[in-house]
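Trainee: show me how the following folds:
(one chain, ligands or ions: 2)
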Amino acid sequence: MYIICARHGQILPDFPPPFPTLMLSLIPQRRPGRTRPSSASVVSRSTSSSDSSGLSDSPAAARRASDLIDEDIKREAARQQAQRKKEVKVMLLGQAESGKSTLRKQFQLYHASHTLEAERPSWRIVVYANLIKAVRAILEELDYEFSSASDEYYPLEEGGVDPGGPGAVPTDAAAQNEVIELRRKLLPLISLEGSLTSEVSAGVDFVGPGVRIDGGPGLKLPPWSKKTGSRLGSRPVEELRQSSTAQVATNRAAQVLGSTAHVIEALWRHRCVEAVIRLRKLRLDESGVFFLGQVRRIAETEYIPSTEDILHVRLQTVGVIEHSMMVNTLGGIYTWKIYDVGGARSQRPAWCSYFDDVNALIFLAPISAFDQFLEEDPLTNRIHDSLQLLVSICTNKLLKDAQLVLLLNKIDMLRKKLEAGVQIRQYITSYASRPNNFSTAAEYFRSHFLAAHRKTDVFQRRLYVHLTTMLDIQATQIIITSAGDLIMRKHIAQTGLA
Ligand SMILES: Nc1nc2c(ncn2[C@@H]2O[C@H](COP(=O)(O)OP(=O)(O)OP(=O)(O)O)[C@@H](O)[C@H]2O)c(=O)[nH]1
Ligand SMILES: [Mg+2]
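Mentor: Ligands and ions are numbered 1, 2, ... in the order given. Predicted coordinates:
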């Protein structure tokens, strides 16, 4: 599949091309506002001005008018150049759920914490939606478990056990009745998911299996929703604050949550839930697991999301969102424009329209995802997809002047998975007999990403690599400072501006 890149008028392969295919070569682009008008157009403009201003049509007058226009053009070019020198463009790239938006929030926290402060109450509805989604996913899994238990054929997951055998998911009548009762009490809460979803993101991320991406018949989509491919646009968080319907949905959810928090806790602690997570490998979003453990606090009447909550929230980015912030660094004040992109495959064609003049790319690869596959392509391992994506970026000519920073993210999850005994070689055969511990695994992934860059970066740029946990505020702020210094030093060196 090929995609026409709107701003460049070029044909690009579906982004990214299969490794190791390179992107097609690109047509150089002219920047608006920097072209000197041809002498023909200068003369014709001076002629017409002489008509209205009363200047004579002599060659000397025409030359004077032409000089004036030249000066204007120079002044405008100088103004634009000065502005560009004071502006730093940084793009956050990587697959879906790699942590781009979380890093963007960390930038906001570090450089513009007042804006995060202002947004804080608006995140409440997203926290509720994440929590309810997790509750629904658990109930659906238990439903499946109970109905499968009565079937003769019962497929086992890796590490699973025979039904009824020791260590099996309990499916006895008592367990089933307990879960049925919990579900009955939770139905009013679950039924709110649709309205929260349509307020927050028009069904982008919160729809569950079996629910159509457009929310299904009868779900009214809000007017701000915008179709991008088969998905629908997510709403800017600032807008939620001003929406009265979002307020109503939030207050209703808060009310129901207040009266059902103890039921959610009982469900989360139920022996069947622990068993489906351990034995059936039920995968809940990181945000869901976090909020389920904090349900009492979240259900309080006066609840306002903490910074930790905001960093844990999962809200899929759709399209490319620009965030401007003033950064006071190395003796100057600069406007940083941070572009946070949607990382799902259907979103990637939109990236190239923003590649112009990018100063730096921060690429996030979640290395804990070695045992996961893309949601949009269940046959592609997520580490493999990240490597392909990095190659596409290293070989893209539009990005040749951009500095590259690679963040191997979610190392906290990597640690947890390895400690829980998940074997890398079961998913990545080339890992072979290497020890299944954190330091070996981190070095293994690091060397693979470095090799992919070394082999394909025709521009021979340095690649700065960090192992990160985007939820760790202190550690991420150190990385933001050091990556920021690096980006600024190169920018200053290139523009000659101090
Ligand atoms: N445990 C853990 N969770 C993380 C880390 N970084 C991000 N997350 C969580 O992962 C989820 C996805 O993160 P996002 O920042 O929304 O991912 P994204 O790359 O913006 O995803 P798209 O917008 O779909 O492209 C969120 O719930 C985050 O809280 C990390 O280092 N460790
Ligand atoms: Mg995002």
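Trainee: distance of the residue of the stretch 351-498 of the chain found nearest ligand 1 from ligand 2?
Mentor: Using C-beta to the nearest ligand atom, the closest approach of the stretch 351-498 of the chain to ligand 1 is made by Met470 at 3.3 Å. No exception for glycine: its C-beta is placed from N, CA and C like everyone else's. Met470 sits at a distance of 11 Å from ligand 2 (criterion: C-beta to the ion, to the nearest Å).
Trainee: where does pLDDT dip in the stretch 251-400 of the chain?
Mentor: By pLDDT under 70, the stretch 251-400 of the chain contains no weakly predicted segment.
Trainee: interface residues of this protein facing ligand 1?
Mentor: 94, 96-102, 286-287, 311-312, 314, 316-317, 342-344, 409-410, 412-413, 469-471 (C-beta under 6 Å from any ligand atom).
Trainee: report pLDDT for the residue of the stretch 1-150 of the chain found nearest ligand 2.
Mentor: Proximity of the stretch 1-150 of the chain to ligand 2 (C-beta to the ion) peaks at Ser101, 3.2 Å away. Predicted confidence (pLDDT) at Ser101: the value is 96.
Trainee: and it, what does it touch?
Mentor: Leu92, Leu315, Thr317, Asp340 (C-beta atoms under 8 Å, 6 or more residues apart in numbering).
Trainee: picking up where we left off before, since we're on the residue of the stretch 351-498 of the chain closest to ligand 1, how many residues are nearby?
Mentor: Close neighbours of Met470, defined as other C-beta atoms under 10 Å, add up to 25.
Trainee: same check on the one 10 residues further on?
Mentor: When counting by other C-beta under 10 Å, one arrives at 18 neighbours for Ile480.
Trainee: okay, buried residues for stretch 127-143 please.
Mentor: Of the residues in stretch 127-143, 127-139, 141-142 count as buried by neighbour count, 16 or more other C-beta atoms under 10 Å.
Trainee: give the contact list for the residue of the stretch 151-300 of the chain found nearest ligand 1.
Mentor: Of all residues in the stretch 151-300 of the chain, Ser287 sits closest to ligand 1, at 3.9 Å by C-beta to the nearest ligand atom. Counting by C-beta under 8 Å, 6+ apart, Ser287 touches Asn130, Ala134, His312, Val313, Arg314.
Trainee: do the same with Arg252
Mentor: By C-beta under 8 Å, 6+ apart, the neighbours of Arg252 are Leu192, Ser195.
Trainee: can you list the neighbours in contact with stretch 415-429?
Mentor: Applying C-beta under 8 Å, 6+ apart, the external contacts of stretch 415-429 come out as 158, 368, 370-371, 381, 383, 431-434, 436-438, 441, 444.
Trainee: got it, and stretch 460-472?
Mentor: 99, 102-103, 106, 308, 311-312, 364, 402-412, 442, 446, 449-450, 453, 457, 475-476, 479, 483, 486.
Trainee: low pLDDT regions in the stretch 1-150 of the chain?
Mentor: Applying pLDDT under 70 to the stretch 1-150 of the chain picks out residues 1-57, 84, 150.
Trainee: residue numbers of it in contact with ligand 2?
Mentor: Lys100, Ser101 (C-beta under 5 Å from the ion).
Trainee: strands of the stretch 1-150 of the chain, residue ranges please.
Mentor: Secondary structure of the stretch 1-150 of the chain (DSSP state E, counting those that start in this stretch): strands at 2-5, 10-13, 87-93.
Trainee: circling back: okay, and the residue of the stretch 151-300 of the chain closest to ligand 1 sits in which element?
Mentor: Ser287 belongs to helix 286-292 when elements are defined using DSSP states H and E.
Trainee: so the nearest residue to Ile277 once chain neighbours are set aside: helix, strand or coil?
Mentor: Distances taken as C-beta to C-beta, 6 or more residues apart in numbering place Leu284 nearest to Ile277, at 7.6 Å, with adjacent residues excluded. At Leu284 the chain is in coil, as set by DSSP: H, G, I helix; E, B strand; the rest coil.
Trainee: got the contact list for Leu284?
Mentor: Applying C-beta under 8 Å, 6+ apart, the residues contacting Leu284 are Ala134, Ala137, Ile138, Ile277, Leu292.
Trainee: burial count for Val263?
Mentor: Counted with other C-beta under 10 Å, Val263 comes out at 18.
Trainee: now, which of the contacts of stretch 460-472 lie within helices?
Mentor: Judged by DSSP state H, the contacts of stretch 460-472 include 102-103, 106, 308, 311-312, 411-412, 442, 446, 449-450, 453, 475-476, 479, 483, 486 as members of helices.
Trainee: what about the residue in the stretch 251-400 of the chain positioned nearest to ligand 2, distance to Ala62?
Mentor: Closest approach of the stretch 251-400 of the chain to ligand 2 (C-beta to the ion) occurs at Thr317, with a separation of 3.1 Å. Look at Thr317 and Ala62: by C-beta to C-beta, to the nearest Å, they are 54 Å apart.
Trainee: quick one, what contacts the nearest residue to Thr335 once chain neighbours are set aside?
Mentor: Leaving out its chain neighbours, the residue that sits closest to Thr335 by C-beta to C-beta, 6+ apart is Glu87, at 4.9 Å. Each residue near Glu87 by C-beta under 8 Å, 6+ apart is listed here: Tyr334, Thr335, Trp336, Lys337.
Trainee: tell me the buried residues within the contacts of stretch 460-472.
Mentor: Those of these that meet the buried threshold are 99, 102-103, 106, 311-312, 364, 402-411, 442, 446, 449, 453, 457, 475-476, 479, 483, by 16+ other C-beta under 10 Å.
Trainee: could you pull out the helices for the stretch 301-450 of the chain?
Mentor: With DSSP state H, counting those that start in this stretch as the criterion, the stretch 301-450 of the chain has helices at 307-312, 382-394, 411-419, 438-456.
Trainee: closest one to Ala77 among those helices?
Mentor: Ranking these by proximity to Ala77 (C-beta to C-beta) places helix 382-394 first, at 30.3 Å.
Trainee: how about that closest one as CSV, C-alpha atoms only?
Mentor: C-alpha atoms of helix 382-394 as CSV (Å, rounded to 0.1, in the frame of the first residue of the first chain):
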residue,chain,number,x,y,z
ARG,A,382,6.1,-5.8,19.2
ILE,A,383,9.9,-5.8,19.5
HIS,A,384,10.2,-6.6,15.8
ASP,A,385,7.8,-3.8,14.9
SER,A,386,9.8,-1.3,17.0
LEU,A,387,13.0,-2.4,15.2
GLN,A,388,11.3,-2.0,11.8
LEU,A,389,10.1,1.4,12.8
LEU,A,390,13.5,2.6,13.9
VAL,A,391,15.0,1.5,10.6
SER,A,392,12.3,3.5,8.7
ILE,A,393,13.2,6.6,10.7
CYS,A,394,17.0,6.1,10.3
